[in-house]
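Engineer: Dropping a prediction and its sequence here:
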Amino acid sequence: MPASSSAARAATRQLTCNIDVVLFAPRGNELAILLLAAPTARSRSKWVLPSDSLRTDETLDVAAARIAKDALGAAPSFLDQSRTHGGARRAADLTQIAVAYFGLTHDVTAAKRGAAWVSMSSLPPLTPRAKEEIDVALAMLRAHVDRQPIAFRLLPAFFTLSDLQSVYELLLGRRLHKASFRRSLHAAALVEATEEWRSEGRGRPAQLFRYAPPRRRRQRRGIRFDVLG
């Protein structure tokens with residue numbers, strides 16, 4: 001048997017697939033990321049992203065959901081794939097494929113032991129792979145904001161428009177023009193008013209709204225984000 005055929009089969013047998021998950025949550029006025037203490041002292045960084053190998057009986061989505069739930073202590077409110085990378089471009093482990101996911105949760109109290117929520121502005125030194133995956137995940141999250149109801153995953157069933165705008169600003173990392181945001185929000189038919197009101201300090205009570213699920217045959221418009229200077 002040719003040596004090249006044996007080498008090819010050996011490389012195939014060694015091929016593994018890892019699932020990495022970038023989990024976001026609100027923390028004050030910015031997003032935080034869930035990091036886990038590195039499993040060994042020999043790790044290149046003291047902190048790592050939630051990660052595990054793909055099991056033989058799992059799909060990629062099932063594996064990502066398992067890893068996220070194990071790290072959070074509960075299922076995330078949103079989870080989607082952000083990238084796949086590996087092969088000859090990876091110097092550290094040339095035979096390994098990594099599939100990255102990003103998720104979102106509003107509950108930062110149930111993370112597993114050895115986990116920590118770290119603000120984006122205070123991230124510790126991480127491996128190049130983890131930093132790349134965080135950057136891509138954040139870009140994907142922001143690209144999805146006006147196409148999917150991601151912002152509503154961080155809100156209760158009933159909320160004020162100010163609450164909703166604050167979540168959009170948190171996800172986008174920018175302040176938005178209030179009047180323009182509300183006009184676009186109503187034009188996109190994403191929310192509907194309720195008969196409930198909430199007192200907010202000394203000002204007039206604010207009306208509560210709820211997310212309006214898509215209706216059949218009704219075309220949605222994206223939300224236009226006018227950013228304050």
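Structural biologist: Right, received. Where do you want to start?

Engineer: which stretches of this structure form strands?
Structural biologist: 16-27, 30-37, 47-48, 51-53, 78-86, 96-104, 115-119, 191-198, 206-211 (DSSP state E).

Engineer: Partner strands of the second one, with direction?
Structural biologist: This points to strand 30-37. strand 16-27 (antiparallel), strand 47-48 (antiparallel), strand 115-119 (antiparallel) (DSSP bridges).

Engineer: and it, C-alpha only, in CSV?
Structural biologist: The C-alpha coordinates for strand 30-37 follow below in CSV (Å, rounded to 0.1, in the frame of the first residue of the first chain):
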residue,chain,number,x,y,z
GLU,A,30,-22.0,47.3,28.0
LEU,A,31,-21.9,43.7,27.0
ALA,A,32,-20.1,41.0,29.0
ILE,A,33,-18.7,37.7,27.9
LEU,A,34,-18.7,34.4,29.8
LEU,A,35,-15.2,33.1,30.3
LEU,A,36,-14.2,29.8,32.1
ALA,A,37,-11.0,29.2,34.1
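
Engineer: any residues touching it, and which ones?
Structural biologist: Here strand 30-37 makes contact (Cβ atoms under 8 Å, 6 or more residues apart in numbering) with 22-26, 46-50, 71-72, 108, 111-112, 114-121, 123-124, 126, 134, 138, 170-171, 173. Placement of C-beta: from N, CA and C, glycine included.

Engineer: So, low pLDDT: which residues of the chain?
Structural biologist: Within the chain, the stretches with pLDDT under 70 are 1-15, 41-43, 87-95, 110, 214-229.

Engineer: Packing partners of the lengthiest helix in the chain?
Structural biologist: As assigned by DSSP state H, the longest helix anywhere in the chain is helix 128-144. When contacts are defined as 3 or more Cβ pairs under 8 Å, 6 or more residues apart in numbering; DSSP states H and E, helix 128-144 packs onto strand 16-27, strand 78-86, strand 96-104, helix 161-172.

Engineer: could you redo the last one with a cut-off of 6 Å?
Structural biologist: When contacts are defined as 3 or more Cβ pairs under 6 Å, 6 or more residues apart in numbering; DSSP states H and E, helix 128-144 sits against strand 16-27, strand 78-86, strand 96-104.

Engineer: beta partners of the nearest residue to Gly28 once chain neighbours are set aside?
Structural biologist: Of all residues not flanking Gly28 in the chain, Ser119 sits nearest, at 7.3 Å (Cβ to Cβ, 6 or more residues apart in numbering). Per DSSP bridges, the residues bridged to Ser119 are Ala32.

Engineer: Tell me which residues touch the closest residue to Thr194 other than its chain neighbours, please.
Structural biologist: Leaving aside its sequence neighbours, Thr194 sits nearest to Leu208 (Cβ to Cβ, 6+ apart; 5.0 Å). Leu208 makes contacts with Phe158, Thr194, Glu196, Arg198, as judged by Cβ atoms under 6 Å, 6 or more residues apart in numbering.

Engineer: Could you identify the pair within the residues you listed that is furthest apart?
Structural biologist: Thr194 and Arg198 (10.4 Å; Cβ to Cβ).

Engineer: returning to that earlier point: out of the strands of the chain, which gets nearest to Lys178?
Structural biologist: That would be, of those and by Cβ to Cβ, strand 206-211, which comes in at 12.8 Å.
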